[in-house]
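S.K.: got a sequence here, can you build the structure:
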Amino acid sequence: MDSELVWGGFANGACANFTSMTSYLAMYYYNDGNWIAFHKLYTYGNDTGESACDLVTKSVNKYALVTIGSISPKTVTINPPSPALTFVNITSTYPIYVNNTLTKSFVSYISYPLIIKVNGKTITVTPNDRPIGIVINGSKINYHYYINVVFPFAINASINGHESVFHSGWYKNGTIISIDLNKYYYLNNETRYEVVSNLNSVIIVNSSYVFNPETIKQYLVVVKSPYLVKINGIITNSAWVNDFSTVKIDVSLPFYLTGYLNGTCMINIGQHLTVTEPLYETLVTSINVFLISVLAILGIFSSVGVLTYRSWRKYKEIQKMFEQVQLGVINNGLVQLLINSKTDGMVIGFRLFGLLVPLMYPIRVGVNNISFLFPYVFYYPNMVYEGYLIIYAKGKLVKVKVRVVGQYYLR
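M.R.: I've put the predicted structure just below:
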């Protein structure tokens, strides 16, 4: 956009010489009921054919001061106050005098007092920052004021007792507008606005007014997880979070699991993230290999069931999903087992003779052939031994009894 205020010649590219000049200039644009100044201005008009030969522009007293001097094109910074400009809209059913001019209508911004003569009366409109409308119908003079509604959704209101949509426009003096806003307005299922001011308002129109309820944009955050989830410290799997605010998602994982969140973006559990869009996250878990290895070394898996599962019934239900098909075999330290499974899971350990071997062996629905090394000495060949597989399935650890036969001595 290019806007210019230029002192210059009359026409045909003329360059005018001034004998004297003192003018304070400023430029504004109108936005949402406010006049906003252009703070950086160029002192020379580039797009106008006519010009001045002997004027200079400086920043003085917050304005652009134009005086006689040598031309010096450059940028000046000004900070002028908001102007006292009033938008006036006058309509009449018959001619009236506006500043001594006979007319039926007057629509303009004014920066000076406006004198209206009608029916032997004189009305003076003084500049301020609010629009005014005057409707003259015969002997009746009605004042109207402009209500600027700044809101992204339709507003239902009672206007003088009649239900209507409240929108920007001219309203007669004394009009009563009762507004009852919703707390939330939904852009879609993932984005909404929370109204934090002017929820319940009554406007009695006696001047122009900007109705601009304060809103906060919010996004939906959803976490899919079988474990307890906290969003910003509150136990929930979904929450509305303010735009550009920080969210922290915690998940209470069992001690033997590690995990992260993946979906809209990848997030570490407990990480702080600035929200600028809706978030849909799914928990991804894996066995904590390091911890399992430490537990295996310490040989404490015998107490895992008691420490981890309080619901014995649930424990037994999962335990029954795994069944040994036939007697397993240990041959030169190689253990071979056939396990029929009704669910997917992970074998994370094998315990025999009070000793435990940590494993990471996935199993699937159906018959699984599981083989691994158990490098310990057997003193009695062809004997049947009873041990346990430790299996992670459906978010729980269970011990599944298995039987194996040793083929011969291991040295």
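S.K.: can you give me how far stretch 58-66 is from the chain middle?
M.R.: Averaging C-alpha coordinates over stretch 58-66 and over its chain gives two centres that are 42 Å apart (Cα atoms, centre = their mean, to the nearest Å).
S.K.: contact partners of it?
M.R.: Residues outside stretch 58-66 that contact it (Cβ atoms under 8 Å, 6 or more residues apart in numbering): 7, 21-26, 41, 43, 55-57, 67, 76-81. In short, each C-beta sits where N, CA and C put it, glycine included.
S.K.: same check, this time on stretch 109-128
M.R.: Residues contacting stretch 109-128 (Cβ under 8 Å, 6+ apart): 83-88, 90, 92, 96-100, 106, 132, 134, 136, 139, 141.
S.K.: now the helices for the stretch 151-300 of the chain?
M.R.: 289-298 (DSSP state H, counting those that start in this stretch).
S.K.: sketch out the low-pLDDT regions of it for me.
M.R.: Low-confidence regions of the stretch 151-300 of the chain, defined here as pLDDT under 70, cover residues 289-300.
S.K.: can you flag the buried ones in the contacts of stretch 109-128?
M.R.: Among the contacts of stretch 109-128, those that count as buried by neighbour count (16 or more other Cβ atoms under 10 Å) are 85-88, 90, 92, 96, 98, 106, 132, 134, 136, 141.
S.K.: helix or strand for the closest residue to Tyr209 other than its chain neighbours, which one?
M.R.: Excluding its sequence neighbours, the residue lying closest to Tyr209 (Cβ to Cβ, 6 or more residues apart in numbering) is Ile147, at 5.2 Å. Here Ile147 sits within strand 140-149, counting by DSSP states H and E.
S.K.: could you do Arg313 as well?
M.R.: Assigned by DSSP H and E, Arg313 falls in helix 312-319.
S.K.: quick check, Phe151 in contact with Phe211.
M.R.: Yes: taking Cβ atoms under 8 Å as the contact criterion, Phe151 and Phe211 are neighbours in contact, 7.3 Å apart.
S.K.: of the buried ones among the contacts of stretch 109-128, closest to Met346?
M.R.: Proximity of these to Met346 was ranked by Cβ to Cβ; the top entry is Phe87 with 73.6 Å.
S.K.: how close does that closest one get to Leu25?
M.R.: Phe87 is 21 Å from Leu25, where distance means Cβ to Cβ, to the nearest Å.
S.K.: before we move on, the earlier item: show residues contacting the next helix or strand after the helix holding Arg313.
M.R.: Using DSSP H and E, the helix or strand that follows helix 312-319 in sequence is strand 322-324. For strand 322-324, contacts defined as Cβ under 8 Å, 6+ apart pick out 337-342, 345, 389, 391, 393, 398, 400-403.
S.K.: rerun at 7 Å
M.R.: Defining contact as Cβ atoms under 7 Å, 6 or more residues apart in numbering, one finds that strand 322-324 is touched by 337-341, 391, 400, 402-403.
S.K.: buried ones in that strand?
M.R.: Along strand 322-324, the positions that meet the burial threshold by neighbour count (16+ other Cβ under 10 Å) are 322, 324.
S.K.: now that strand: mean pLDDT?
M.R.: Taken as a whole, strand 322-324 has an average pLDDT of 91.
S.K.: repeat for stretch 390-401
M.R.: Mean predicted lDDT for stretch 390-401 stands at 85.
S.K.: now that stretch: how far from the chain's centre is it?
M.R.: Using Cα atoms, centre = their mean, the distance between the centre of stretch 390-401 and that of its chain works out at 41 Å.
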